[in-house]
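# 3D model of this:
(chains A, B, C and D)
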Protein chains: 2
Amino acid sequence: MTKHRALSEEALLLVAQRFSVLAEPMRLRLIQALFDGEKNVSELVTLTEGTQANVSRHLQTLTAAHILARRKEGLQVYYKIADPTIPRLCEVVCGAIEKQLAKQAGAFTAGR
Amino acid sequence: MTKHRALSEEALLLVAQRFSVLAEPMRLRLIQALFDGEKNVSELVTLTEGTQANVSRHLQTLTAAHILARRKEGLQVYYKIADPTIPRLCEVVCGAIEKQLAKQAGAFTAGR
DNA sequence: CAAGTATATGCGTATATGCTCATATAAAGT
DNA sequence: ACTTTATATGAGCATATACGCATATACTTG
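Okay, here's the model as predicted:
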């Protein structure tokens, strides 16, 4: 078990910002699309069914947060997941949601 | 290692919502204040230096997200962390940020 | 039942942010 | 140099949400 020291106000803000970056469905779609490796913008536009402008913006947000990394190759720009903690983070959250939904589902049948 | 299946659009939304709940500094302050156990609203108002109305609202948001649990005792309402994955989540994010800052700090002194 | 205390909530405002359209930039080919 | 293709970005609009103020609700005590 790790000890919890209180976070400074500044650290708290950074944590909030990081969660905030992950709090958009389109950005999660992009992250998910990159789980199996690097892709360029056009591919991501197709996969996520978003507009080019919007995808580009979100990619920038994710890159600025150091969650993705950018590599330019000729006309294309390739993005990949740069932060190794992202998969684990998603796993933890998904697990929590699954448990929560299971509990709620159980509440319906618990009486019978 | 857990396998990654693609998340449904609905699941994606739930994940985004959950991150969104954690994306507010005041809510993180509240969570942090509750790491060492149950507290009532007045105590939380004092600890976080927020207004009573604002603290109350954020507590409601956190409770609706099943992150906190509410227990009423007389006039007071006690809140505690209900979701056991929250501490781990915070650890992972803090770790990622620390690494990121360390790397950025290193970039300044790397040349010498 | 009146008064006091702890918590919740309705409402208005300010700010942030996601989206779209149009256009700019950058690199490649002709 | 001009055109084409891939990506980024400026501007405007629409929506969400955090906050403060005032007030409502819930419970306790006299």
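
# so which residues on chain A come close to DNA strand C?
For chain A, the contact set with DNA strand C under C-beta under 7 Å from any atom of the strand comprises A:20, A:23-26, A:50-51, A:53-54, A:57-58, A:61, A:72, A:74-75. For glycine as for every other residue, the C-beta is placed from the backbone atoms N, C-alpha and C.

# pull out the buried members of those residues.
A:20, A:23-26, A:50, A:58, A:61 (16 or more other C-beta atoms under 10 Å in any protein chain shown).

# biggest separation within these, which pair?
A:S20 and A:G50 (19.2 Å; C-beta to C-beta).

# what packs against the worst-scoring helix or strand of chain A on mean pLDDT?
When each helix and strand of chain A is scored by mean pLDDT, DSSP states H and E, helix A:85-109 comes last, with a mean of 90. For helix A:85-109, the elements it packs on are helix A:25-33, helix B:9-21, helix B:85-109, judged by 3 or more C-beta pairs under 8 Å, 6 or more residues apart in numbering or on different chains; DSSP states H and E.

# what comes into contact with the helix or strand following the first one?
Going back to what we said before, that points to helix A:25-33. Downstream of helix A:25-33, the next assigned helix or strand under DSSP states H and E is strand A:39-40. When contacts are defined by C-beta atoms under 8 Å, 6 or more residues apart in numbering or on different chains, strand A:39-40 is touched by residues A:33, A:47, A:73, A:76-80.

# quick check, A:L22 in contact with A:L89.
Yes. A:L22 is in contact with A:L89 according to C-beta atoms under 8 Å; the separation is 7.3 Å.

# excluding sequence neighbours, find me the nearest residue to A:E73.
A:N40 (8.0 Å; C-beta to C-beta, 6 or more residues apart in numbering or on different chains).

# cool, and A:T51?
Take A:T51 and drop its neighbours on the chain: the residue closest to it by C-beta to C-beta, 6+ apart is A:V45, 7.4 Å away.

# then A:V21?
A:V21 sits nearest to A:A65 (C-beta to C-beta, 6+ apart), 4.4 Å away.
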